[in-house]
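Asker: Kindly generate the corresponding structure for this input.
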Amino acid sequence: MADHERLARQSNRVVRRWPRAQRRMSRIHARLYRASGGRFAPRWFAGAPVMVLETVGRRSGEKRSAPVLYLRDGDALVVMAANAGSARTPAWWLNLKASGSGEAIVGRQRIPVRPRELAGAERDRLLRQFVEMYPQAEHYPRFTERPLPLIALEPTMG
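Answerer: Predicted structure coming up:
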């Protein structure tokens with residue numbers, strides 16, 4: 001088994017077996033990232049860049065934060081709603097779809113964004129680039145029946 005596949009399986013196992021621990025670690029990561037101006041853990045274990053995505057909870061109405069891997073494509077930040085290939089759609093994606101907007105925190109920069117789910121040739125091109133950046137993502141579709149959306153977070157004027 002290749003290293004990337006093994007790492008993808010391990011990530012998927014953590015998300016499935018210990019969802020509370022994973023959520024808690026994500027909250028801690030987001031807090032430390034924001035408090036340090038992005039100096040704490042600006043890259044994931046595999047070297048992929050990390051940002052914090054802030055959304056409004058679709059049920060609670062409260063601000064929610066999640067660290068997510070991203071790929072730059074022009075002004076857009078491209079993210080994957082993979083949740084390590086878990087059957088559960090990430091809450092940040094459900095919240096973002098419900099509200100239609102969020103805020104990306106990249107280092108010290110706060111960027112108001114709106115999501116656009118990618119499709120067709122654009123999705124194919126950016127998925128290849130995303131997998132180049134984070135090879136484990138190639139294996140996530142094997143672990144779930146649900147689609148794994150690739151989303152362009154496009155800057156808005158505020």
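Asker: what about the closest residue to Y140 other than its chain neighbours, distance to V79?
Answerer: Spatially, and ignoring its direct neighbours in sequence, Y140 is nearest to G85 (3.3 Å; CB to CB, 6 or more residues apart in numbering). Every residue, glycine included, has its C-beta placed from N, CA and C. Distance, G85 to V79, by CB to CB, to the nearest Å: 15 Å.
Asker: Show me the beta-bridge partners of the residue sitting nearest the centre point of the chain.
Answerer: In the chain, the residue lying closest to the centroid (CA atoms, centre = their mean) is V68, at 3.2 Å. Judged by DSSP bridges, the bridge partners of V68 are M51.
Asker: Surely L69 touches P49?
Answerer: Yes: using CB atoms under 8 Å, L69 is in contact with P49, at 6.8 Å.
Asker: wait, is V113 part of a strand?
Answerer: Yes: counting by DSSP: H, G, I helix; E, B strand; the rest coil, V113 is part of a strand.
Asker: Near the residue nearest to S101 when sequence neighbours are not counted, how many other residues are there?
Answerer: Among residues not flanking S101 along the chain, R114 sits closest, at 5.1 Å (CB to CB, 6+ apart). R114 has 14 neighbours, counted by other CB atoms under 10 Å.
Asker: thinking again about what came up before, common neighbours of L69 and P49, please.
Answerer: Common neighbours of L69 and P49, counting by CB atoms under 8 Å, 6 or more residues apart in numbering, are M133.
Asker: okay, the residue nearest to Y140: pLDDT?
Answerer: We have a pLDDT of 79 for G85.
Asker: Same question for the one 3 residues further on.
Answerer: At R88, the model reports a pLDDT of 85.
Asker: Over to W44?
Answerer: Here, the pLDDT recorded for W44 equals 64.
Asker: Thank you kindly, that will do.
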